[in-house]
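**Q** requesting a structural model of the entry that follows:
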Amino acid sequence: MIKNLINTKLENRPIEGFDIHLIKKYEAVTSGEDEFRSENLAILLIRSGSFKLKLEDVIQDLSARDLIIIPKDSDCNILEIRDRLQLYLVTFSSEFAVKNCLKKELIDSFYFFIRKEMMKASLDENEYSVLSLIYRLVYYVNLDANSGGCESELRRISLNLFLYELQVIYTKHLGNSIASFTRKENIVMEFLTILSIHYKKQHHVQFYAGALFITPIYLNRVVKEVTGKSVKLLIIEAIVSEAKILLEDIQLSLVEIAEELGFDNLSIFRIFFKKYTLLSPSDYRSNFFDKLNGS
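**A** Numbering: from 1, shown residues only. Below you'll find the model as predicted:
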């Protein structure tokens, strides 16, 4: 069961690149079927019961209130299920990270997506209560998204709240581990931090390479190696994601949005947005409000 949920294709989910499940009764299968390689990053929060999970060559004994992050491309084997196992399971794609974590207050969440090592924390009662409450909020918001009745702003808020709380917990429990990046991971985190601050006004690779005192070619090579995407593509995705958020605010004119995003004029913004979304800003806004009003 867990294998199938972790390895679900996330491209066509209601919240693209993201899925969440509440497992109230885990049904164990034969041991051979519980060996798999994770195709997405997965986060598990144990509600009750316990089980043994082998990640790479390390056996993790997990029980109630344990939180564990399984990196993408990890070799997993569920060894033993004990008691009545109940858990929350969240899966993310790398694309989701780019689209949802490029905010100054969430930028540290990227370490969950670029780290290749498992992370585990045993939560106290208060931490567990807060995180499980947020899990349930995200779970029911996602159910509403499946039915087509959930506003995108509510989805963003609930997911950001989840990522922020996760970041707080792991900073507290594994601060030293989180800080131990490789040089390349450090460059990527520094780039993403600068990007989260300046992407509205700085659209060129040269600016970010200069801020890091490295060449654009080296920056691009390192970022692509760690994230799978070029620097230019990450800049574009950050701008497009913010543009969509701004277009969903009816109080803002297209001219104001173009100015906010650092374009010299509305015409250039229109050309940019349509090139990367296949919709004009006006069409995107119209489609959004049509869906919102159930048209």
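
**Q** dump the residue contacts of residue 8.
**A** Contact analysis of residue 8 by Cβ atoms under 8 Å, 6 or more residues apart in numbering lists 19, 40, 91. C-beta here means a position set from N, CA and C on the backbone, and glycine is covered the same way.

**Q** so residue 187 is in which element?
**A** helix 183-198 (DSSP states H and E).

**Q** sorry, back to before: reformat the contacts of residue 8 as a markdown table; add pLDDT.
**A** Shown next, in a markdown table, are these (pLDDT from 0 to 100):
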| residue | pLDDT |
| --- | --- |
| 19 | 87 |
| 40 | 86 |
| 91 | 89 |
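
**Q** what about those residues, which one has the most neighbours?
**A** residue 91 (25 neighbours; other Cβ atoms under 10 Å).

**Q** re the thing from before, pick the one among the contacts of residue 8 closest to residue 61.
**A** The shortest gap between residue 61 and any of those belongs to residue 91, at 22.5 Å (Cβ to Cβ).

**Q** quickly list what the closest one is bridged to.
**A** Beta bridges link residue 91 to residue 19, residue 42, judged by DSSP bridges.

**Q** for it, give its distance to residue 224.
**A** Distance, residue 91 to residue 224, using Cβ to Cβ, to the nearest Å: 23 Å.

**Q** excluding chain neighbours, what is closest to residue 135?
**A** residue 88 (4.5 Å; Cβ to Cβ, 6 or more residues apart in numbering).

**Q** just for this structure, where's the confidence low?
**A** Under the criterion pLDDT under 70, the flagged ranges of the chain are 14, 27-33, 98-102, 104-106, 144-153, 174-181, 293-295.

**Q** where do the strands sit along the stretch 1-150 of the chain?
**A** Counting by DSSP state E, counting those that start in this stretch, the stretch 1-150 of the chain has strands at residues 18-23, 35-37, 41-55, 58-63, 66-70, 75-92, 119-122.

**Q** can you tell which of the ones you listed is closest to residue 241?
**A** For those, proximity to residue 241 was assessed by Cβ to Cβ; strand 18-23 is nearest, at 14.0 Å.
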